[in-house]
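Asker: mind folding the following:
(chains A, B, C and D)
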Protein chains: 2
Amino acid sequence: MSRQDIHNSGVPEVCQACQARHGGICGALSPEELTELNRHTKRVKVAAGSELLAEQQPIASYANILSGVVKLSKLLEDGRQQIVGLQFAPDLLGRPFRELSNVTAEAAVDAELCTFTRAALEQAVSGSHAMASRLHQQSLRELDDAREWMLTLGRKTASEKVASFLALIVSANDVGKEAPEAEPNVELPLSRGETADFLGLTIETVSRQMSALRKNEIIEFTNAYTVKVKDRAGLGAAAGT
Amino acid sequence: MSRQDIHNSGVPEVCQACQARHGGICGALSPEELTELNRHTKRVKVAAGSELLAEQQPIASYANILSGVVKLSKLLEDGRQQIVGLQFAPDLLGRPFRELSNVTAEAAVDAELCTFTRAALEQAVSGSHAMASRLHQQSLRELDDAREWMLTLGRKTASEKVASFLALIVSANDVGKEAPEAEPNVELPLSRGETADFLGLTIETVSRQMSALRKNEIIEFTNAYTVKVKDRAGLGAAAGT
DNA sequence: CGCGGTGTTGATCGTAATCAACGGCTGTGG
DNA sequence: CCACAGCCGTTGATTACGATCAACACCGCG
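Answerer: Take a look at the predicted model:
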């Protein structure tokens, strides 16, 4: 049995090293509350492409994202699609206080989740002001992100959009690091088609703009999904912010 | 002195008929809590065009919107602008839990506000779980709206965008009504230029698409800002949802 | 009455969409 | 092990939608 320092005493084993206990909502809970919530959770691995929530369908379960990337999207009747958000660990998946989801959520890459029911979430929230506050903070962060992306969708050019997407992935890659890497190597969680749906563009335009960034020596591809950013400042400038 | 029924006993005079006590956050407060909050509020009228919050600037005060329309916008360095949200009574203006605003807020038309400091808001929130919940609910509603608009910005055509904007104004006009009007007369809160900034289009394109809707007998103008919707179903269809 | 601001309409241009061909990687079956 | 099929991404050619440039109408106001 591993040593338990005073800080972790009483914290469930599976929660000990969990990301959600740092930035995530579980960080707001006392060991006792965490133990209680943990009685209702289940850890699952989901493969890339798995549908986790469906637009206008009941939310089967909520979940903390432990690893991987989840994409949130909306559809028009004729099939046009828009990705309206990307979620990373330790974000909470599932809209609080609502029966139905208003987005489709899908694992963009293989991911691990810590799932629980709405009842369990609501119990934890009603018992803990701090938990409610964390949840609200995350909603506000998502709102800030959505509005930032509205500016990108409405007013940026195709090349600025693609650079903005890469900058977003790079900044997600930075979190938890001491300092930003000078020439980070990042794995793109989205295919060209998904990237197009995120940016309000077509596959071809995304591809062309990626090629343009490569020709300008801002980025370098080892393959279509693995990018080394050679010029972070240049990427930021190309993103228009 | 006016008669006070048991329901309103102890409720401050100015709050008696206030919109914010119905859909708004003040509805969550007891008469005592309302009285306390009211000690820190100030009602103000602001003219169309007044700047209420500035991007990246400290939030001088929070406010409930009592009447009028407030537009939230973001700027790119070269002056390109995107309106990222419209707020109506009884919405709360100002981002909770944050020193700086990340949007510019401006009265789109003459408006009335009930302002208070962040300290007063935080006191009310920390003292009332119901208040915190209302606040969170509004954040979530704004998030839903933002994502819905992302779909519009990223994937709809110019004519669908303009129809979506009119549909939005019409639906805001419906709230508080028993039943939706068949042929509502609505006042547009935005100029053509602002509408363009909301839709990610240019003034000319907005104007042309408005004219197209008029030619198709979906809408009728009495002047540039006053629209009668002659065919609600047609407008919905043109909006693509 | 003339001026400035806003909105509409027309003409032309340019960016991104569409249409099309091809290349590279992967996985499968001969 | 190689051949081939299918998918995804890239690149090229052409089109089309909305932007830009431009002229004018309308309205309120000094």
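Asker: going forward, measure contacts and count neighbours with C-alpha atoms only.
Answerer: Fine.
Asker: who in chain A is up against DNA strand D?
Answerer: Residues of chain A found near DNA strand D, taking Cα under 7 Å from any atom of the strand as the criterion, are A:S191, A:R192, A:G193, A:I203, A:E204, A:T205, A:V206, A:S207, A:R208, A:M210, A:S211, A:A224.
Asker: the first one: neighbour count?
Answerer: Spelled out, it's A:S191. A:S191 has 13 neighbours, counted by other Cα atoms under 10 Å in any protein chain shown.
Asker: what do you get for the third one?
Answerer: A:G193 is surrounded by 15 other residues when neighbours are defined as other Cα under 10 Å.
Asker: returning to that earlier point: what about the residues of chain A next to DNA strand D, which one has the most neighbours?
Answerer: A:V206 leads these on contacts (other Cα under 10 Å) with 24 neighbours.
Asker: which strand or helix spans that residue?
Answerer: helix A:203-215 (DSSP states H and E).
Asker: just the angle for the helix or strand following that helix relative to helix A:203-215, thanks.
Answerer: Remark: after helix A:203-215, the chain's next helix or strand is strand A:219-223, criterion DSSP H and E. Relative orientation of strand A:219-223 and helix A:203-215, computed by axes from the mean of the first three to the mean of the last three Cα atoms, to 10 degrees: 120 degrees.
Asker: buried ones in strand A:219-223, by neighbour count?
Answerer: A:I219, A:E220 (16 or more other Cα atoms under 10 Å in any protein chain shown).
Asker: go on, stretch A:9-25?
Answerer: Going by 16+ other Cα under 10 Å, stretch A:9-25 has these buried residues: A:V11, A:P12, A:C15, A:C18, A:Q19, A:A20, A:R21, A:G23, A:G24, A:I25.
Asker: show me where chain A has strands.
Answerer: A:42-46, A:51-53, A:62-67, A:69-75, A:81-88, A:92-93, A:104-107, A:111-116, A:185-187, A:219-223, A:226-229 (DSSP state E).
Asker: if we can go back for a sec, which among the buried residues of stretch A:9-25 gets closest to A:L72?
Answerer: A:G24 (18.7 Å; Cα to Cα).
Asker: please report how far the closest residue to the closest one other than its chain neighbours lies from A:Q138.
Answerer: Spatially, and ignoring its direct neighbours in sequence, A:G24 is nearest to A:P90 (5.0 Å; Cα to Cα, 6 or more residues apart in numbering or on different chains). In this view, A:P90 and A:Q138 are 10 Å apart by Cα to Cα, to the nearest Å.
Asker: same thing with A:Q57?
Answerer: Using Cα to Cα, we find A:Q57 at a distance of 22 Å from A:Q138.
Asker: find the nearest non-adjacent residue to the residue nearest the centre of chain A, please.
Answerer: The geometric centre of chain A, computed from its C-alpha atoms, lies nearest to A:Q87 (Cα atoms, centre = their mean), at 1.4 Å. Closest residue to A:Q87 apart from its sequence neighbours, by Cα to Cα, 6+ apart: A:V70 at 5.1 Å.
Asker: the longest helix in chain A is where?
Answerer: helix A:129-155 (DSSP state H).
Asker: which helices and strands does that helix pack with?
Answerer: Contact analysis of helix A:129-155 by 3 or more Cα pairs under 8 Å, 6 or more residues apart in numbering or on different chains; DSSP states H and E lists strand A:81-88, helix A:118-127, helix A:158-174, strand B:69-75, strand B:81-88, helix B:129-155 as its packing neighbours.
Asker: now with 6 Å, please.
Answerer: Helix A:129-155 makes packing contacts with helix B:129-155 when contacts are defined by 3 or more Cα pairs under 6 Å, 6 or more residues apart in numbering or on different chains; DSSP states H and E.
Asker: pLDDT on the helix it packs on, on average?
Answerer: Taken as a whole, helix B:129-155 carries a mean pLDDT of 97.
Asker: try stretch A:86-100
Answerer: 96.
Asker: mind checking the end-to-end distance for it?
Answerer: By Cα to Cα, the extent of stretch A:86-100 from end to end equals 19 Å.
Asker: show residues contacting it.
Answerer: Stretch A:86-100 is contacted from outside by A:19-20, A:24, A:56-59, A:62-67, A:69-71, using Cα atoms under 6 Å, 6 or more residues apart in numbering or on different chains.
Asker: what comes up buried for stretch A:148-159?
Answerer: Along stretch A:148-159, these residues count as buried under the neighbour rule (16+ other Cα under 10 Å): A:E148, A:W149, A:M150, A:L151, A:T152, A:L153, A:G154, A:R155, A:K156, A:A158, A:S159.
Asker: need those residues in a markdown table with distance to B:L75, can you?
Answerer: Shown next, in a markdown table, are the buried residues of stretch A:148-159 (distance: Cα to Cα, whole Å):
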| residue | distance to B:L75 |
| --- | --- |
| A:E148 | 10 |
| A:W149 | 12 |
| A:M150 | 11 |
| A:L151 | 8 |
| A:T152 | 11 |
| A:L153 | 13 |
| A:G154 | 11 |
| A:R155 | 9 |
| A:K156 | 11 |
| A:A158 | 18 |
| A:S159 | 18 |
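Asker: the more surrounded of A:P90 and A:Q138?
Answerer: Each of A:P90 and A:Q138 has its neighbours counted (other Cα under 10 Å); A:P90 has more, 22 against 16.
Asker: distance of the more buried one from DNA strand C?
Answerer: Remark: distance between A:P90 and DNA strand C (Cα to the nearest atom of the strand, to the nearest Å) = 29 Å.
Asker: go on, A:A48?
Answerer: 14 Å.
Asker: try A:R232
Answerer: Distance of A:R232 to DNA strand C, given as Cα to the nearest atom of the strand: 21 Å.
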